[in-house]
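J.: coords below, sequence missing:
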């Protein structure tokens, strides 16, 4: 008997560019989380054609965009705290630690640095899929997939 698994697509820092490869990579996901710097609201509608999207505004997104700066999302019984700017485990501020302690999410999803990252703090996954938008700096373009099983969340970074 196979274990039930659910896939979630995670994307950030598109800055208005949605690569066709992303549409292929996200085929079959249950939900999509966009961690900000969307660039163009139409991009969210394109993702919505694949699966429901949870999105937050990034520091380069207009205040008129209809997305919050942060949010909690419940997907398949797991809680996700999503905001554009958050630190890696080694650089978390006390305020960020308090956010995790207060909300007790299964995962914190963030972007901003354009650098993919996966770490754990006190049982909470901290996950940055990297940047899926126009290539910047010397960093590769990437997205993430989270595989939810009964007892774990397995993160994966996929270069595009």
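T.: Done, it's in. Treat the numbers as computed from the prediction; the structure is a model and nothing was measured. Residues are numbered from 1 along each chain as shown.

J.: Wait, residue 148 touches residue 5, no?
T.: Yes - proximity of residue 148 to residue 5 meets the contact threshold set by C-beta atoms under 8 Å, at 6.5 Å. In this view, the C-beta of every residue, glycine as well, is placed from N, C-alpha and C.

J.: Neighbour count: these two, which is higher?
T.: Just comparing residue 148 and residue 5: by other C-beta atoms under 10 Å the higher neighbour count belongs to residue 148, 21 against 13.

J.: give me phi/psi at residue 43?
T.: When read as degrees, to the nearest 10, the backbone of residue 43 gives phi -60, psi -40.

J.: so who does it touch?
T.: For residue 43, the contact set (C-beta atoms under 8 Å, 6 or more residues apart in numbering) comprises 14, 16-18.

J.: end-to-end on stretch 146-160?
T.: 16 Å (C-alpha to C-alpha, to the nearest Å).

J.: which regions of the protein lie under the pLDDT threshold?
T.: Within the chain, the segments meeting pLDDT under 70 span 1-2.

J.: can you list the residues that contact the longest helix seen in it?
T.: Counting residues, the longest helix found in the chain (DSSP state H) is helix 94-103. By C-beta under 8 Å, 6+ apart, the surrounding residues in contact with helix 94-103 are 72, 79, 81, 86-87, 108, 121-122, 124.

J.: Name the strands paired with the next helix or strand after that helix and say parallel or antiparallel.
T.: Later in the chain than helix 94-103, the nearest helix or strand by DSSP states H and E is strand 107-109. Sheet partners assigned to strand 107-109 using DSSP bridges are listed as strand 78-83 (parallel), strand 124-128 (parallel).

J.: most tightly surrounded among the ones you listed?
T.: strand 124-128 (a mean of 24; mean count of other C-beta atoms under 10 Å).

J.: What are the buried residues along stretch 28-36?
T.: For stretch 28-36, the neighbour count (16 or more other C-beta atoms under 10 Å) marks 29, 31-36 as buried.

J.: need the strands for this structure, in chain order.
T.: Ranges of strands within the chain are 6-11, 31-34, 53-55, 70-75, 78-83, 107-109, 117-121, 124-128, 142-148, 153-159, based on DSSP state E.

J.: Make a markdown table from these and add distance to residue 101 to it.
T.: Output for the strands of the chain, formatted as a markdown table (distance: least, C-beta to C-beta, whole Å):
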| stretch | distance to residue 101 |
| --- | --- |
| strand 6-11 | 23 |
| strand 31-34 | 22 |
| strand 53-55 | 22 |
| strand 70-75 | 14 |
| strand 78-83 | 11 |
| strand 107-109 | 12 |
| strand 117-121 | 10 |
| strand 124-128 | 9 |
| strand 142-148 | 22 |
| strand 153-159 | 19 |
